[in-house]
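one predicted model, sequence on top.
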Amino acid sequence: MAKIIKVQKGTKDILPQEVEQWHRLEKNALEIFTRYGYKEIRTPIFEATELFARGVGDTTDIVNKEMYTFEKSDRSITLRPENTAGVVRSFIENGMSRLSAPVKLWYKGPMFRYERPQAGRQRQFHQVGVEMFGIKEPTADAEAIMLAVDYLKSLGLNDLEVEINSLGCPKCREEYKNKIKEVLKPEFDNLCEDCQSRYEKNPLRLLDCKVESCKEIFEKPEIKKVIQSDFICEECAQHYSKLKSYLDKLNINYTENKLLVRGLDYYNRTVFEIKSNNLGSQNAVCGGGRYDSLVRNLGGEDTPAVGWAMGMERLNSLLPDIDSHKLDAYVVSNSETEAFILTQELREKGVKVEFDLANKKFTKQLEKASKTANYALIIGEDEIKANKVSVKNLQTSEQVTVDRKDVINNINIG
Ligand code: ATP
Ligand code: MG
């Protein structure tokens, strides 16, 4: 036998019995995001490598370690590791800054990151996300968070933890960065390798290190004091306190987490994550924030923006399985032609129905019906002559014989 080729490490098939769950995530996204004025955008799965180097930031794990990059005709191309950069590229390229603000865009689709596969972490995974352009006021941040909470609620996920923080603006953050570096200097040799290499380039990133020994260092009183200090400037502080007051008024429960800095370079002011206690160590379902300088950094006009992305695999693992693949009805008959015709009549009326394509025996057909459908529609010789159909409810075993045209009124279709 020929050698079997297996699925690639860190990737998964989404099998027919799982696909219904995915449809639910996508359907609710379309419905809820549309309610908030968002329109869907579909950008390519690969982009110029430079887009991510500039758009995500070359001090990030994503750009440094996780990108799928390849050369094609002297061009460096990368499979998208996230979609904000792609959406921003499209926003600029298609002149969307001329549209009246806010411009609200949402997307869904596969992302690619070369990471160590583990529970909740794949190399090809899916995100659903939103980006809002053109509004600098904290109402936009609050609405984006509200939308995430609303979407999760629509999926029955009411008890997730919203964490927020403000990273300030590049100006006030600079001082904070320096203070962090200063207080961590004596501990440099005790930091993990990643933190040591981030220390110069991106010291804030140290704060969300997941390594236990680093976390312990950040708990030391003199270090914790600096981390927890209020460093943001007056304007940033006002923005943040307005955001919090909107969240309070909208009854969104949140906690403030000074260690929340997010992995990407482009955030300023608001950052947030939504976490679940039921996910183990990969516990974030949603991450987002404000990125007022990204559009300009990628060559567009100065445009404030805020957005978030959710991991669809992690969302799915929080949801109960659904598998409503049962047929409404299965047609049982010794005449495959009659069965075929009745099946088609009903399909045209929207019924999910099949008949036996293999012309098996009547009893086999009945067995198949009870395994796969809610109703058996029986057309024996008598029924054919009288233009009738016997409708058998396979849950209750009740059976009625009705006119062919009335079949549709005697079954529940799902
Ligand atoms: P993490 O800290 O878990 O690595 P991140 O900060 O890298 O997350 P983001 O870039 O903010 O993640 O992506 C948003 C969401 O996408 C995450 O909250 C998570 O739900 C999901 N996600 C990110 N990376 C993966 C992955 N490799 N596999 C599955 N889901 C992922
Ligand atoms: Mg990551």
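Nice, thanks for sending it over. Ligands and ions are numbered 1, 2, ... in the order given.

is the longest helix along the chain positioned near ligand 1?
Taking DSSP state H as the criterion, the chain has its longest helix at helix 16-35. No - applying Cβ under 6 Å from any ligand atom, one finds helix 16-35 separated from ligand 1 by no less than 12.3 Å. C-beta: built from backbone N, CA, C; applies to glycine.

I'd say residue 340 and residue 355 touch.
Yes - if you go by Cβ atoms under 8 Å, residue 340 and residue 355 touch, sitting 6.2 Å apart.

between those two, who's got more neighbours?
Comparing residue 340 with residue 355 by other Cβ atoms under 10 Å, the one with more neighbours is residue 355, at 24 against 15.

was I right about that one contacting residue 334?
No - if you go by Cβ under 8 Å, residue 355 and residue 334 don't touch, sitting 11.5 Å apart.

enumerate the residues of the protein near ligand 1.
For the chain, the residues in contact with ligand 1 (Cβ under 6 Å from any ligand atom) are 82, 113, 115, 120-122, 125, 127, 263, 282, 284-287, 309-311, 313-314.

can we see that at 5 Å?
113, 115, 121, 122, 125, 263, 284, 285, 287, 309, 311, 314 (Cβ under 5 Å from any ligand atom).

out of the residues you listed, which are buried?
113, 115, 121, 122, 125, 263, 284, 285, 287, 309, 311, 314 (16 or more other Cβ atoms under 10 Å).

the second one touches residue 9, doesn't it?
Meaning residue 115. No - assessed by Cβ under 8 Å, residue 115 is found out of contact with residue 9, at 10.7 Å.

any residues in contact with both of those two?
Counting by Cβ atoms under 8 Å, 6 or more residues apart in numbering, the contacts common to residue 115 and residue 9 are residue 123.

look through the stretch 101-250 of the chain and state the residue closest to ligand 1.
residue 125 (3.4 Å; Cβ to the nearest ligand atom).

make sure that residue is indeed in a strand.
Yes - secondary structure of residue 125 (DSSP: H, G, I helix; E, B strand; the rest coil): part of a strand.

returning to that earlier point: now, which of the buried ones among the residues of the chain next to ligand 1 lie within helices?
Per DSSP H, these map to helices at residue 314.

tell me which of the buried ones among the residues of the chain next to ligand 1 is nearest to residue 3?
residue 122 (24.5 Å; Cβ to Cβ).

can you pull the pLDDT of the nearest residue in space to that closest one that is not next to it in sequence?
Ranked by Cβ to Cβ, 6 or more residues apart in numbering and with sequence neighbours excluded, the top spatial neighbour of residue 122 is residue 10, at 5.0 Å. pLDDT, residue 10: 97.

surely residue 10 touches residue 118?
No - the criterion here is Cβ under 8 Å, and residue 10 misses it with residue 118 at 9.2 Å.

between the two, who's got more neighbours?
With neighbours defined as other Cβ under 10 Å, residue 10 and residue 118 compare such that residue 10 has more, 17 against 11.

where does pLDDT dip in the stretch 1-150 of the chain?
Within the stretch 1-150 of the chain, no stretch falls below the threshold (pLDDT under 70).

who touches whichever residue of the chain sits closest to ligand 1 in this structure?
Using Cβ to the nearest ligand atom, the single residue of the chain nearest to ligand 1 is residue 311, 2.3 Å away. Counting by Cβ under 8 Å, 6+ apart, residue 311 makes contact with 120, 125, 126, 127, 284, 285, 286.

please look at residue 272 and residue 307 and confirm they touch.
No - taking Cβ under 8 Å as the definition, residue 272 is not a contact partner of residue 307, at 10.8 Å.

checking residue 302 next. Helix, strand or coil?
coil.

can you tell me the helix or strand for the residue nearest to it when sequence neighbours are not counted?
Closest residue in space to residue 302, ignoring its immediate chain neighbours: residue 296 at 5.0 Å, by Cβ to Cβ, 6+ apart. Applying DSSP states H and E as the criterion places residue 296 in helix 294-297.

contact partners of that helix?
54-55, 84-85, 88, 91-92, 97, 133, 266, 301-303, 305.

list buried residues within those residues.
54, 55, 84, 85, 88, 91, 92, 97, 133, 266, 303, 305.
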